[in-house]
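[1] missing the sequence, but the structure's below:
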């Protein structure tokens with residue numbers, strides 16, 4: 001009957017306290033109270049922000065509840081992230097570090113207070129948490145396991161005072177943006193020592209196998225040609241850096257474009273520096289939404305330093321948390337939080353760039369010093385529309401490109417001289433124009449989505465490219481080089497690729513364009529180092545372009561067997577791409593595998609098979625060396641084309 005006087009409910013409970021609080025008070029009471037007051041305000045603010053409420057805060061403890069267990073865990077993560085940054089600015093002996101425990105359970109509500117086993121279990125989770133860590137009960141784990149990108153360490157069923165059954169407990173080992181905890185994951189407890197030794201031995205054995213099995217891309221014999229993913233390479237001599245996708249902490253998925261755009265801008269800016277080795281966007285964005293150990297990421301990308309962070313945008317305010325980690329040493333070089341108005345976003349990016357350059361002791365040329373702080377625009381609305389358009393552009397479908405056009409045109413309307421938007425519009429309409437040429441493509445999907453004829457597409461592509469030339473960027477020179485090469489202006493294509501590379505030496509797309517140009521102007525041997533460097537900068541790339549260009553280099557050098565291996569990789573990745581099919585059929589035909597060559601062409605060309613001639617295909621392949629062009633045409637004819 002007594003229970004009827006109270007309201008019961010299921011709620012998520014957060015319990016936090018200060019590790020080493022007695023020592024802090026003993027050494028300096030006043031300083032400890034000041035810090036505790038400031039940190040309690042931080043916790044209270046974050047709890048409210050994640051739709052929770054503070055139930056009680058006796059001494060160094062805080063008890064809070066949330067209607068959503070996801071909100072509770074995200075709040076705990078953000079608390080530890082925020083406090084880690086604040087503590088980095090304090091002397092080590094004055095840092096105030098919290099342990100946090102979470103439980104999802106039934107409680108009794110009495111006014112503003114809550115009681116019961118649910119609270120007791122949360123307190124027990126807190127006592128088992130590592131300093132600066134988060135420990136969750138089994139009920140929390142079951143509720144969030146597939147909802148949040150975290151990693152956990154199950155450390156058994158724990159006895160809890162006055163609770164009949166043991167409670168499952170999990171430590172949160174990593175979470176987006178919390179590098180300190182990812183590094184902690186790599187430093188397992190002593191009880192796991194022998195398991196780590198065994199894993200290390202297995203890793204060394206695998207590494208030895210890889211090193212023994214792989215060497216250069218263009219093996220003269222054998223059908224297996226190792227890709228860069230299979231070959232271990234040493235760290236670059238210059239500082240090597242991977243910029244991971246910044247987490248969108250705005251609570252609004254629609255703001256994802258902004259955090260992604262900021263990340264991409266940082267990669268682009270840092271890629272301009274010759275004194276840095278910066279991993280490409282394709283590879284770092286492969287980790288988006290995944291919670292992985294920083295050391296593992298650094299090993300997979302073969303870099304020493306990792307930059308990660310988060311962005312919270314609310315109305316006209318923005319907060320950016322950034323951390324630069326020395327993955328080899330397992331510690332932060334620096335961590336910083338930037339708060340300000342959205343209008344300050346460009347100054348904020350400059351500060352981050354300068355901090356990285358300073359921390360890694362990168363020597364800048366005079367040109368790089370001015371280039372690093374030079375922005376393409378100082379108009380936030382222009383920048384915002386550009387980022388929205390870029391999000392659609394990256395999806396690489398006709399309908400998405402049509403959406404991208406609208407945003408790029410808005411950016412240009414606001415600022416006529418914004419070169420990046422002009423260059424991307426030239427790229428989009430240029431793609432539409434290509435579909436019409438010679439009827440090689442049976443469906444004009446891109447042109448249809450954009451609603452343009454061939455003449456309109458070509459006119460718009462020329463118009464936007466001319467406009468982009470007024471404020472040339474690396475993107476402009478990359479595109480100009482492609483167009484010059486297509487028009488067989490070989491010397492100009494090489495010069496433009498060189499200009500793009502001078503502006504952005506760490507961009508894999510530009511390196512591949514340089515390699516492609518070298519292949520077609522009959523300097524395929526020189527293309528090899530650019531392809532190797534592109535793969536090294538983009539080790540997680542899963543597209544087929546690298547394989548196709550590498551195959552073309554092998555073909556131009558007369559190594560048909562090696563070329564066929566790379567063309568097979570490209571074709572198997574995307575059988576619908578006719579260029580991969582044409583190239584593979586050529587090598588099959590030259591190797592005497594004529595039926596396989598015909599089968600590939602039959603699948604690829606469909607209804608236009610009988611109307612396509614070898615000379616038509618060669619229009620798209622601007623070989624400077626007529627012997628190489630004739631060899632390709634001969635393969636097409638052997639495969640069955642006219």
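    Perfect, I can see it now. None of these values were measured; they are calculated from a predicted model.
[2] Contact partners for residue 500?
    474-478, 481, 507, 510, 513-514 (CB atoms under 8 Å, 6 or more residues apart in numbering). Any C-beta I mention is one placed from the backbone N, CA and C, and that applies to glycine too.
[3] run the last query once more with 6 Å
    By CB atoms under 6 Å, 6 or more residues apart in numbering, the contact list for residue 500 reads 474, 477-478, 510.
[4] what do you get for residue 36?
    With the criterion set at CB under 6 Å, 6+ apart, residue 36 makes contact with nothing.
[5] Make sure it is indeed in a strand.
    No - assigned with DSSP: H, G, I helix; E, B strand; the rest coil, residue 36 falls outside any strand and is helix.
[6] low-scoring stretches of the stretch 151-300 of the chain, by residue?
    174-237, 291-292 (pLDDT under 70).
[7] go again using 80 as the cut-off
    Across the stretch 151-300 of the chain, residues meeting the criterion (pLDDT under 80) sit at 151-164, 173-238, 250-252, 272-275, 289-293.
[8] the helices in it, which residues?
    Applying DSSP state H, counting those that start in this stretch to the stretch 151-300 of the chain gives helices spanning 179-186, 193-213, 256-271, 281-284, 294-301.
[9] For the shortest one, what is the distance to the chain centroid?
    Here the centre of helix 281-284 is set off from its chain's centre by 5 Å, with CA atoms, centre = their mean, to the nearest Å.
[10] and that helix, what does it pack onto?
    Helices and strands touching helix 281-284, by 3 or more CB pairs under 6 Å, 6 or more residues apart in numbering; DSSP states H and E: there are none.
[11] got the buried residues for that helix?
    281-284 (16 or more other CB atoms under 10 Å).
[12] ditto for the last one
    By neighbour count on 16+ other CB under 10 Å, the buried set for helix 294-301 is 294-295, 297-298, 300-301.
[13] Over to stretch 146-161?
    Buried, per 16+ other CB under 10 Å, within stretch 146-161: 148, 150-153, 158, 160.
[14] Could you tell me the end-to-end distance of it?
    30 Å (CA to CA, to the nearest Å).
[15] got the buried residues of helix 281-284 as a markdown table, with distance to residue 64 columns?
    Listed next are those as a markdown table, based on distance: CB to CB, whole Å:
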| residue | distance to residue 64 |
| --- | --- |
| 281 | 39 |
| 282 | 41 |
| 283 | 39 |
| 284 | 35 |
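[16] Out of these, the closest to residue 131 would be?
    Among those, residue 284 lies closest to residue 131 (CB to CB), at 30.1 Å.
[17] next structured bit after the helix or strand where residue 480 lies?
    When elements are assigned from DSSP states H and E, residue 480 belongs to helix 474-486. Counting by DSSP H and E, the next helix or strand C-terminal to helix 474-486 is helix 490-503.
[18] can you give me how far that next one is from the chain middle?
    Worked out by CA atoms, centre = their mean, helix 490-503 lies 27 Å from the chain centre.
[19] Tell me which residues are up against the helix or strand just after it.
    Using DSSP H and E, the next helix or strand after helix 490-503 towards the C-terminus is helix 508-520. Defining contact as CB under 6 Å, 6+ apart, one finds that helix 508-520 is touched by 280, 478, 481, 485, 493-494, 497, 500-501, 504, 526-527, 530-531, 533-534, 537-538, 549, 552-553, 556, 622-623.
[20] Please name the nearest non-neighbouring residue to the residue positioned nearest the centre of the chain.
    In the chain, the centroid-proximal residue (CA atoms, centre = their mean) is residue 285; its distance is 1.7 Å. Nearest non-adjacent residue to residue 285, counting by CB to CB, 6 or more residues apart in numbering: residue 245, 5.4 Å away.
[21] Give me the distance between that neighbour and residue 308.
    Separation of residue 245 from residue 308 (CB to CB, to the nearest Å): 8 Å.
[22] neighbour count winner among those two?
    residue 308 (26 against 23; other CB atoms under 10 Å).
[23] Check what pLDDT the more buried one gets.
    On the pLDDT scale, residue 308 is placed at 87.
[24] Three-state assignment for it, please.
    Residue 308 ends up strand, using three-state DSSP.
[25] That one contacts residue 244, correct?
    Yes - Residue 308 lies in contact with residue 244 (CB atoms under 6 Å); the separation is 4.3 Å.
[26] how does the chain divide into domains?
    Here the domain parsing of the chain from automatic domain parsing is 2-175, 240-372, 385-472, 543-642.
[27] quick one: the last one to chain centroid distance?
    Averaging C-alpha positions (CA atoms, centre = their mean) puts domain 543-642 33 Å from its chain's average.
[28] Right, I'll leave it there.
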